[in-house]
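>>> need a structure here:
(one chain, ligands or ions: 1)
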Amino acid sequence: MKFTFIAGSNRQGATSTKLCEYLQHLLEERGHSVDLIDLYQHPVPFYSPGESYSGHEGLARLGTSAKEAEGLILASPEYHGGMSGVLKNALDHLSQEHFSGKPVLSISSAGGAVGVSSLGQMQAIVRNLHGINSPEWISIGGSQRRRFEDYLDESEAGSFHDLEERIARVLESFVKLTGLIHRPYGE
Ligand SMILES: Cc1cc2nc3c(=O)[nH]c(=O)nc-3n(C[C@H](O)[C@H](O)[C@H](O)COP(=O)(O)O)c2cc1C
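Numbers count the residues shown, from 1 in each chain. A predicted model of the protein is given here:
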């Protein structure tokens, strides 16, 4: 199946983006095709209603990739009890034609234990665009973020087994949901 990630941090080496890369690796290992759109590497302009963005390469890729995907993954850092402005702005460029009837997994990285506010906001937008929220989400918070920082040494790597197991389980259930939704009627 085809999955598109929209990674909504505006920071090099962001843990939310590294988490996307980790999930990308797991999906590709299982034979899925993945497009990871990192909004730090590929910024999109501030959305202005009525303005035409037809010549913008990054927006064209975002729109086409989101439309073609069978499942979408939204990632954000938790900022001031909400999602990042960068992700919100990118989502303002999209619409029901990208989300309707499509499973969406929300993931976040927070300084506190759980980025529940950004996750709730992402899910509210998905509902508004008639997407199908994954019943589970992925949040990394506090010291769990260390797993996705650069320069993790080998002695530390083993201590994140439970986190990795949970991430794999949530991803598995999201992939299963996506498969069920896209299965031809009657199969
Ligand atoms: C402007 C700003 C606001 C933040 N607000 C919160 C917050 O409300 N709650 C929280 O738990 N962490 C907050 N943080 C910490 C980030 O969520 C945390 O550093 C996160 O891991 C960043 O994600 P990234 O590594 O993907 O950039 C804030 C950080 C910044 C820069």
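>>> longest helix anywhere in the chain?
Longest helix in the chain by number of residues, with DSSP state H as the criterion: helix 161-182.
>>> and the nearest residue to L94 once chain neighbours are set aside, how far from M1?
Nearest residue to L94, sequence neighbours excluded (Cβ to Cβ, 6 or more residues apart in numbering): A66, at 5.8 Å. Glycine gets a C-beta too; all of them are placed from N, C-alpha and C. From A66 across to M1, the span is 14 Å (Cβ to Cβ, to the nearest Å).
>>> more neighbours: those two, which one.
A66 (22 against 16; other Cβ atoms under 10 Å).
>>> show residues contacting the strand or helix carrying that one.
Using DSSP states H and E, A66 maps to helix 57-68. Contacts with helix 57-68, where a contact means Cβ atoms under 8 Å, 6 or more residues apart in numbering, come from 2, 4, 6, 35, 37, 42-45, 53-54, 72, 90, 93-94, 97-99.
>>> out of those, which are inside helices?
Going by DSSP H, the helices hold 90, 97-99 from the contacts of helix 57-68.
>>> check for me that I125 belongs to a helix.
Yes. Assigned with DSSP: H, G, I helix; E, B strand; the rest coil, I125 falls within a helix.
>>> okay, now it: neighbour count?
Neighbourhood size, I125 [other Cβ under 10 Å]: 20.
>>> cool, and E149?
Neighbour number of E149 under other Cβ under 10 Å is 12.
>>> give me the spatial nearest neighbour of it, chain neighbours excluded.
Residue nearest to E149 in three dimensions, not counting chain neighbours: T15, with 6.2 Å by Cβ to Cβ, 6+ apart.
>>> and the helix holding A66, which residues are buried?
Using 16 or more other Cβ atoms under 10 Å as the test for burial, helix 57-68 gives 58-59, 62-63, 65-66.
>>> show me what from this structure comes close to the ligand.
Residues of the chain that fall close to the ligand, judged by Cβ under 6 Å from any ligand atom: 9, 11, 14-16, 77-81, 109-112, 145.
>>> just the buried members of the residues you listed?
If we count by 16+ other Cβ under 10 Å, the residues of the chain next to the ligand have these buried: 9, 14-16, 77-79, 109-110, 145.
>>> out of those residues, what pair is the most spread apart?
Farthest pair in these (Cβ to Cβ) is Y79 and R145. Separation: 14.4 Å.
>>> what's the per-residue pLDDT of S106 here?
On pLDDT, S106 comes in at 98.
>>> wasn't it part of a strand?
Yes. Assignment of S106 by three-state DSSP places it within a strand.
>>> for the nearest residue to it once chain neighbours are set aside, give its distance to the ligand.
In this structure, S106 finds its nearest non-sequential neighbour in M122, 4.0 Å apart by Cβ to Cβ, 6+ apart. For M122, the distance to the ligand equals 14 Å [Cβ to the nearest ligand atom, to the nearest Å].
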